[in-house]
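Enquirer: build me a model from this:
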Amino acid sequence: MVRIVSWLGLGIILGIAVGLLIGWVVWPIEFTEADPTVLEDSYQHEYTVMIASAYALDQDPTMARQRLTSLGKEDMEGWLLSVTVNHILAGADETEIEHLVKLSTDFGLYSPAMDPYLVNNESGEGE
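Expert: Presented below is the predicted three-dimensional model:
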């Protein structure tokens, strides 16, 4: 009886080890082209910052709007303004804030928190 239990225990341990090896090393799950709507809010926030950074490079409002819409927010513009203001209030990276403010203002959004960044943008545009 002891021998059967020992072999059964060994079989269970080897089964778990082989299962973990196959699942983690041989055929791990890879997520590609994930839908942004399934991201947690903190990751959607970061994705919005990336959208603003891409917009700063390509200046394509249609693509930026499409990317923001992919987040699945009912009030996409409210979300963008919220992310922009939260980024400003958190004292985040200046470049990221400038990109968010540029995208927000180009979409016709405004908050008094954006004023210091609007002054800098207006003074630098005409040069």
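
Enquirer: show me where this structure has helices.
Expert: 2-21, 41-58, 61-69, 76-89, 94-106, 115-125 (DSSP state H).

Enquirer: just how off-centre is the first one within its chain?
Expert: Using CA atoms, centre = their mean, to the nearest Å, we find the averaged C-alpha position of helix 2-21 to lie 42 Å away from the chain's own average C-alpha position.

Enquirer: and this protein, what are its domains?
Expert: Split into domains by automatic domain parsing, the chain comes to 1-30, 36-125.

Enquirer: quick one on the thing from earlier: could you export the helices of the chain as CSV, including mean pLDDT, distance to Ala34 and mean neighbour count?
Expert: C-beta coordinates here come from the backbone N, C-alpha and C atoms, glycine included. Putting the helices of the chain into CSV (pLDDT from 0 to 100; distance: least, CB to CB, whole Å; neighbours: other CB atoms under 10 Å) gives the following:
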stretch, mean pLDDT, distance to Ala34, mean neighbour count
helix 2-21, 91, 24, 10
helix 41-58, 92, 10, 16
helix 61-69, 92, 14, 15
helix 76-89, 92, 19, 18
helix 94-106, 93, 22, 19
helix 115-125, 64, 31, 12
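
Enquirer: to Trp27, which of the ones you listed lies closest?
Expert: Proximity of the helices of the chain to Trp27 was assessed by CB to CB; the nearest stretch is helix 2-21, lying at 9.9 Å.

Enquirer: and that closest one, C-alpha only, in PDB?
Expert: Output of helix 2-21 as PDB, limited to C-alpha atoms (Å, rounded to 0.1, in the frame of the first residue of the first chain):
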ATOM      1  CA  VAL A   2       2.800   2.400   0.900                       C
ATOM      2  CA  ARG A   3       4.400   1.600  -2.400                       C
ATOM      3  CA  ILE A   4       1.300   2.500  -4.400                       C
ATOM      4  CA  VAL A   5       0.900   5.800  -2.500                       C
ATOM      5  CA  SER A   6       4.600   6.600  -3.200                       C
ATOM      6  CA  TRP A   7       4.200   5.900  -6.900                       C
ATOM      7  CA  LEU A   8       1.000   7.900  -7.000                       C
ATOM      8  CA  GLY A   9       2.600  10.900  -5.300                       C
ATOM      9  CA  LEU A  10       5.600  10.700  -7.600                       C
ATOM     10  CA  GLY A  11       3.300  10.600 -10.600                       C
ATOM     11  CA  ILE A  12       1.400  13.700  -9.400                       C
ATOM     12  CA  ILE A  13       4.600  15.600  -8.800                       C
ATOM     13  CA  LEU A  14       6.000  14.700 -12.200                       C
ATOM     14  CA  GLY A  15       2.700  15.500 -13.900                       C
ATOM     15  CA  ILE A  16       2.700  19.000 -12.300                       C
ATOM     16  CA  ALA A  17       6.300  19.600 -13.200                       C
ATOM     17  CA  VAL A  18       5.800  18.500 -16.800                       C
ATOM     18  CA  GLY A  19       2.600  20.600 -17.000                       C
ATOM     19  CA  LEU A  20       4.400  23.700 -15.700                       C
ATOM     20  CA  LEU A  21       7.400  23.100 -18.100                       C
END
